[in-house]
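1. Any chance you can model this:
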Amino acid sequence: PRAAPAALRALMRAAGGGRRCRDPSGGARVGWLCSGPPPQPVIAAKEPFPVELKAGKTYSWCSCGHSKRQPWCDGAHKKEAPGLSPLRFAPSRDGPALLCGCKRTRSPPYCDGTHKGGEGQAAPPPPRA
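-> Next up is the predicted model:
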C-alpha cells in the first residue's frame, strides 16, 4: 500500500528532508524534493543552560541555535534555518534541568555532555547582532 501524501511529507520532515526547491529560472515550486543536506543547527553556547522547569508545562526548546532567547525558541528558525523546528516537551516533574546549548545532544532537549567533545568546543558560536 502507498502512503498518503500528507503521511509521506510528515515522514520526510521527521527524517530531516521534505524541503521543496524552486525552479532555477525563478518559477513556481516544483514537486520534487531538494537533494541537498538538511539544515544543521548552530552552536548557541558551549555549555548547557540551567533552567527551572514546571511539571506538565509545555516548553519549546530551540533546536536551531539561532534564537535570541536561548534555550527557548523565538521563531528565528523560520528565517535562519527553514526545515528545523523547536522541540516541544513537557517535563514530568518540577525542578532544575540543564538544557543543551550546543544543539548536538543525543538526548534533546537535555544536555548529555556532547559540548565537551571536539565538535562542540571547536565550532564558533553564531554571530550576534
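2. Run through the helices of this protein in chain order.
-> Counting by DSSP state H, the chain has helices at residues 5-14, 77-80, 118-122.
3. Using neighbour counts, pick out the buried residues of the second one.
-> By that I understand helix 77-80. 77, 80 (16 or more other Cβ atoms under 10 Å). Every C-beta, even on glycine, is put in place using the N, C-alpha and C of the backbone.
4. Identify all contacting residues around that helix.
-> Applying Cβ atoms under 8 Å, 6 or more residues apart in numbering, the external contacts of helix 77-80 come out as 62-64, 66-67, 84-86.
5. from those, which would you call buried?
-> By 16+ other Cβ under 10 Å, the contacts of helix 77-80 give 62-64, 66-67, 84, 86 as buried.
6. Could you single out the nearest of the residues you listed to Arg106?
-> Taking Cβ to Cβ as the measure, Arg106 lies nearest Ser63 of those, at 13.2 Å.
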